[in-house]
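>>> Predicted model and sequence below, questions to follow.
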Amino acid sequence: MTILFAWRYFVGKKTTNAINLIAWISILAIAVGAAALILVLSVFNGFEDLVKGLYADFYTDVRIAPAKGKFITLTPKQLQQIKGTSGVKQLCTIVEEKAVLVNNEYQSIIYLKGVDSNYTTVSGLAHHIKNGRYSIGQADKPELILGGGIENAVGSVAGMNLNQLTVYLPNVKATNFSGLDALNSYNVDVSGSFNLQQDFDNKYAITNIGFVKFMLDLNEDQYSAVEVALNSTEQSEQLKSTLQNLLGKDFRVETRYQQNQSLYTVMQVEKWVIYAILSLILVVAAFNMIGALTMLVLEKQKDIAVLKSMGADESYIQRIFLNEGFVLSVVGGGSGIFIAIIICALQIKYKLVKLSGSSFIIDYYPVKMVPTDFLMVISTVMFISLLAAWIPSKKASKQQFSLKS
């Protein structure tokens, strides 16, 4: 019954137009706040998915690395045990070392990543080749796939270099570390280049694992890491524990989240900060609602007096004006969310709002609507609105009005 009173007070004619004006201003403010929260969170989700997708094409589902030192030793039997673990799709052995890449007068410090033939199965890097082709060569005839930033730094273009590039790696057998004897060098060809993400484009060059092992004088069973692709990413935590128990404490097993924990943490913190800042719009709307409901209480003095004379207690009167706040929040919040859904749907389908500049992977704002965001926004709107309505509703229930006034 109290909700019917609240709805009648909302749609009914008031003696003072200012009450209607303030009520609609509060509804508009709630609608703008709710729409802004949904739109910004959806765009943030879009960018978050884009960034995670780019990192997912380089970092695998699970990575096995040494707990201490630079290298691990894994026998063929251990590798077969890892591959045979339920839920494991494929694995790739890795040897990685810092190197210097030289092209005549140009040079750049790089991370040379040697991979085996399974790398295209566990990584999506091959889908981001911008020049040339994906080819890592053989141990005696290596080829490099350069990050786009490294390609520019050394003045190289895949398939168009007149001379081979020279790669310098540490000489682990050197006795004199002050001269050129401290480095091993080898001439290599560039087969292609990739554009994935600046962190990778300016850092990594990919080649075959046999070449890097030869340059570093590693044993057949020595690796920097093993990258593992899973049948389902939802099993990553479970398989991490399984592989950790299988391999022991000398190995560090990490999921994709743990490999990029700082990135994911920053993105989550940014999202909560954005949510908190935009919620201030709803706080402003709450002050408008307090004003509108306070004026409505004064408008309905006689109604309150009649209801009390008919036996309505203070809690009943309070519920009427709390429900009035609920009506305002539903109309305002519902309208804002509906408008936000339409805008998001149009952006997803037609890419209406473009990104400025031409250096982005995409040229439009990505949007992803997540149900939990809608629940969070609805809960926020309701909480702030009902909290704002509680103040005038409490006063209305406590005050005594006379029918003679």
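Nice, thanks for sending it over.
>>> Output the below-cut-off pLDDT ranges for the protein.
By pLDDT under 70, the low-scoring segments of the chain are 1, 5, 13-16, 177-180, 357-360, 400-405.
>>> where do the strands sit along it?
For the chain, the strands defined by DSSP state E occupy 62-66, 72-73, 88-103, 106-115, 129-132, 137-138, 141-147, 165-170, 183-194, 204-208, 222-223, 225-230, 251-255.
>>> so can I have CSV of these showing mean neighbour count and distance to residue 398?
Just so you know, the C-beta spots here come from the backbone N, C-alpha and C atoms, and that holds for glycine as well. Formatted as CSV, the strands of the chain follow (neighbours: other Cβ atoms under 10 Å; distance: least, Cβ to Cβ, whole Å):
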stretch, mean neighbour count, distance to residue 398
strand 62-66, 22, 62
strand 72-73, 18, 73
strand 88-103, 19, 67
strand 106-115, 20, 71
strand 129-132, 18, 71
strand 137-138, 14, 84
strand 141-147, 24, 70
strand 165-170, 20, 80
strand 183-194, 20, 70
strand 204-208, 24, 69
strand 222-223, 20, 75
strand 225-230, 23, 62
strand 251-255, 19, 57
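>>> Which one, of those strands, ends up nearest to residue 176?
Residue 176 sits nearest to strand 183-194 of all the strands of the chain, at 11.1 Å, using Cβ to Cβ.
>>> That closest one pairs with which strands, and in what direction?
When pairing is defined by DSSP bridges, strand 183-194 lines up against strand 129-132 (antiparallel), strand 141-147 (parallel), strand 165-170 (antiparallel).
>>> ok, back up a step: compile the strands of the chain into CSV and extend it with columns for distance to residue 27.
Converted to CSV, the strands of the chain look like this (distance: least, Cβ to Cβ, whole Å):
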stretch, distance to residue 27
strand 62-66, 51
strand 72-73, 63
strand 88-103, 53
strand 106-115, 56
strand 129-132, 51
strand 137-138, 67
strand 141-147, 52
strand 165-170, 66
strand 183-194, 51
strand 204-208, 54
strand 222-223, 63
strand 225-230, 49
strand 251-255, 46
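>>> Quick check: which of these is nearest to residue 376?
Using Cβ to Cβ, the nearest of the strands of the chain to residue 376 is strand 251-255, at 25.6 Å.
>>> Just want to check the distance between the residue nearest to residue 22 when sequence neighbours are not counted and residue 351.
Distance criterion Cβ to Cβ, 6 or more residues apart in numbering; nearest residue to residue 22, sequence neighbours excluded, is residue 292 at 4.2 Å. With distances taken as Cβ to Cβ, to the nearest Å, residue 292 is found 39 Å from residue 351.
>>> go on, residue 164?
For residue 164, the distance to residue 351 (Cβ to Cβ) stands at 43 Å.
>>> Tell me who's in contact with the spatially most central residue of the chain.
Nearest residue to the geometric centre of the chain (Cα atoms, centre = their mean): residue 48, 2.8 Å. Each residue near residue 48 by Cβ atoms under 8 Å, 6 or more residues apart in numbering is listed here: 267, 271, 368.
>>> Pull out the buried positions in stretch 284-301.
285-286, 288-297, 300-301 (16 or more other Cβ atoms under 10 Å).
>>> which two from those residues end up farthest apart in space?
In the buried residues of stretch 284-301, two members sit farther apart than any others by Cβ to Cβ. They are 285 and 301, at 25.6 Å.
>>> Comparing residue 164 and residue 351, which shows the higher neighbour count?
Between residue 164 and residue 351, counting by other Cβ atoms under 10 Å, residue 351 is the more crowded of the two (15 against 12).
>>> The residue lying closest to that one once chain neighbours are set aside and residue 39, how far apart?
Nearest non-adjacent residue to residue 351, counting by Cβ to Cβ, 6+ apart: residue 364, 4.0 Å away. Going from residue 364 to residue 39 by Cβ to Cβ gives 14 Å.
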